[in-house]
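Visitor: below is the sequence, then the predicted model.
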Amino acid sequence: MATTGLDTTRLRRRYRIAYWVLYIVGGLTLLLGLAAVLSRLTSAAGGLGNGWVTIAQGTVVLVLGYFTMRGSLAALGIAIGWYVLESLLTIAVVGLAAVPIRAVVIFFLVQGFLALRVLNQREKLAARPSAPSSDPPPPAETTPI
């Protein structure tokens, strides 16, 4: 879907959804890690190590969400790459059970990335000073004395 024809309100909504998705995923991951550490159940972390690793992952995703909220296209790109890689590893370890929700998350992140890219391009075009016209200025009118 091309995002170039969308109005600014829809683009901002897609961008806002992307960083909220990062906040939700990061927050839930952080809470899962805390629960694993507090209950000493490493299996609660999805089999990806101890709870401290999961806490670190959740914290990184929250930080990426913060920088995405501030308008960083690089942070959102890193978050997409991180989540895709994590999804592939999860599929390899756990199987296809987690694919639907991960696909939805990736969809919203990619939509936010495309929207943020278009918004940044529009801001750069708006901030660029208008080029001087190639037409010569009109002659000044003189009044006879």
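Guide: The structure has been received and is ready for your questions. Numbering: from 1, shown residues only.
Visitor: quick check: next helix or strand after the host helix or strand of residue 26?
Guide: Assessed by DSSP states H and E, residue 26 sits inside helix 8-39. Counting by DSSP H and E, the element after helix 8-39 in chain order, helix or strand, is helix 51-69.
Visitor: who touches that following helix?
Guide: For helix 51-69, the surrounding residues in contact (Cβ atoms under 8 Å, 6 or more residues apart in numbering) are 18-20, 22-23, 25-38, 42, 44-46, 48, 74-76, 78-79, 82-83, 86, 112, 116. In short, each C-beta sits where N, CA and C put it, glycine included.
Visitor: that one - what's its average pLDDT?
Guide: Averaging pLDDT along helix 51-69 gives 93.
Visitor: helices or strands next to the helix holding residue 26 in the packing?
Guide: helix 51-69, helix 73-93, helix 99-127 (3 or more Cβ pairs under 8 Å, 6 or more residues apart in numbering; DSSP states H and E).
Visitor: quick one: average confidence on that helix?
Guide: Here the average pLDDT along helix 8-39 is 92.
Visitor: any of the contacts of helix 51-69 buried? List them.
Guide: For these, a neighbour count by 16 or more other Cβ atoms under 10 Å gives the buried set as 18-19, 22-23, 25-26, 29-30, 32-33, 36-37, 42, 44-46, 48, 75-76, 79, 82-83, 86, 112, 116.
Visitor: picking up where we left off before, which one, of the helices and strands packed on helix 8-39, ends up nearest to residue 10?
Guide: Smallest distance to residue 10 across the helices and strands packed on helix 8-39 (Cβ to Cβ): 7.8 Å, for helix 99-127.
Visitor: against which helices or strands is the closest one packed?
Guide: For helix 99-127, the elements it packs on are helix 8-39, helix 73-93, judged by 3+ Cβ pairs under 8 Å, 6+ apart.
Visitor: JSON lines for the ones you listed, including distance to residue 60?
Guide: Compiled in JSON lines, the helices and strands packed on helix 99-127 are given as follows (distance: least, Cβ to Cβ, whole Å):
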{"stretch": "helix 8-39", "distance to residue 60": "8"}
{"stretch": "helix 73-93", "distance to residue 60": "7"}
